[in-house]
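Peer 1: take a look and give me a structure for this.
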Amino acid sequence: MRLIVMGQQAFGKDVLAKLLDAGTDEVVAVYCEPDRDGKPADPIKEFALEKGLPVLQPAHFKDQSTIDELAAFNADLMVMAFVNVFVPEAARDTPKHGSICFHPSLLPLHRGPSAVNWPIIMGSEKSGYSWFYPTDGLDEGDVLLQWECPIGPDDTVIDLYFKKIYPSAVDSVLQVCDLYRSGNPPHAEQDESKATYERRCTAKHSQIDWNKPVAQVYDLIRGTNPAPGAWTTVNGTKVNIFDSERVDGDGISSRIMDVSDKGVTVQCIGGRILVKRVKPDGGDKQAASAWAASAGINTGDSLGS
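Peer 2: Purely as a prediction, here's the structure:
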């Protein structure tokens with residue numbers, strides 16, 4: 001098949017590399033976002049140029065000339081791997097078999113841009129990814145295939161996405177192409193009654209309330225590590241919280257119960273959080289014990305407002 005690959009960053013690059021290494025299909029063009037002033041070129045762009053592939057970077061697909069340019073590649077399928085630019089039906093349906101799109105959740109759950117963060121934050125025990133037939137709706141459309149994985153009790157975004165979802169998803173693009181090549185790719189309708197939509201997870205959502213149950217606090221820290229980073233305040237100064245551990249213990253919530261070489265232990269409702277790694281406002285990531293020493297953090301101090 002003749003393929004157009006549309007994507008960005010490392011995931012888009014690795015999907016492209018997987019297809020090229022397999023050599024079963026011909027990649028006729030690569031689409032990615034426009035260059036940003038002062039920013040390095042997108043990895044998928046650099047890789048595609050190294051391989052001598054045409055690279056196109058339209059800011060949108062509103063102009064007929066852009067649609068015509070895409071159609072001129074006479075592609076059989078467009079593989080949309082990590083795409084932020086809205087691609088309308090006129091562009092998606094230009095290839096002979098249309099387009100297929102990747103999303104890092106078990107659709108219809110967690111439609112939206114932070115689909116890896118929210119399952120962890122919400123305490124889910126499983127996640128995965130979907131390849132689906134995109135429509136003009138947000139992450140809507142029938143599903144071609146899905147892959148499921150457990151979310152461990154201590155998994156962070158790094159664990160869930162980079163160690164579980166990412167490697168399997170890159171490999172799965174070959175299965176996607178095989179399903180199209182079979183001539184009758186599956187169509188599983190999404191159950192709209194189970195659909196959830198979450199907005200982009202930002203610092204507004206990642207402020208820690210130490211007066212909540214310890215499980216909720218720990219899930220928030222895990223689900224925002226490494227980005228956007230959970231955060232709290234100490235005497236009005238912001239500090240981001242990263243690597244942590246849930247431990248037992250009772251006491252007054254939001255109170256620092258212990259400061260040691262292991263880190264800073266903070267009381268929540270029903271348990272404690274051992275904070276191991278932090279990033280103080282304007283500083284670098286560092287061991288919580290080092291931060292406590294430099295910032296004068298002591299047992300009995302309180303975190304948050």
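Peer 1: need the helices for this protein, in chain order.
Peer 2: 9-22, 43-50, 64-71, 89-92, 117-121, 157, 166-181, 214-223, 288-295 (DSSP state H).
Peer 1: how about the ones you listed in JSON lines, adding distance to Gln190?
Peer 2: (C-beta placed from N, C-alpha, C; glycine too.) What follows is these, written out as JSON lines (distance: least, CB to CB, whole Å):
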{"stretch": "helix 9-22", "distance to Gln190": "22"}
{"stretch": "helix 43-50", "distance to Gln190": "28"}
{"stretch": "helix 64-71", "distance to Gln190": "26"}
{"stretch": "helix 89-92", "distance to Gln190": "17"}
{"stretch": "helix 117-121", "distance to Gln190": "17"}
{"stretch": "helix 157", "distance to Gln190": "24"}
{"stretch": "helix 166-181", "distance to Gln190": "17"}
{"stretch": "helix 214-223", "distance to Gln190": "23"}
{"stretch": "helix 288-295", "distance to Gln190": "42"}
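Peer 1: what's the closest of those helices to Lys238?
Peer 2: helix 288-295 (11.9 Å; CB to CB).
Peer 1: check contacts around the residue nearest to the spatial centre of the chain.
Peer 2: Nearest residue to the geometric centre of the chain (CA atoms, centre = their mean): Val116, 4.7 Å. Listed by CB atoms under 8 Å, 6 or more residues apart in numbering, the contact partners of Val116 are Pro104, Ser105, Ser127, Val157, Leu160, Tyr161, Ile165.
Peer 1: which among those residues gets closest to Tyr197?
Peer 2: Tyr197 lies nearest to Ser105 out of the contacts of Val116, by CB to CB, at 11.1 Å.
Peer 1: show me the contacts for that closest one.
Peer 2: Contacts for Ser105 (CB under 8 Å, 6+ apart) come out as Arg111, Ala115, Val116, Pro119, Ser127, Gly128, Tyr129, Ser130, Asp139.
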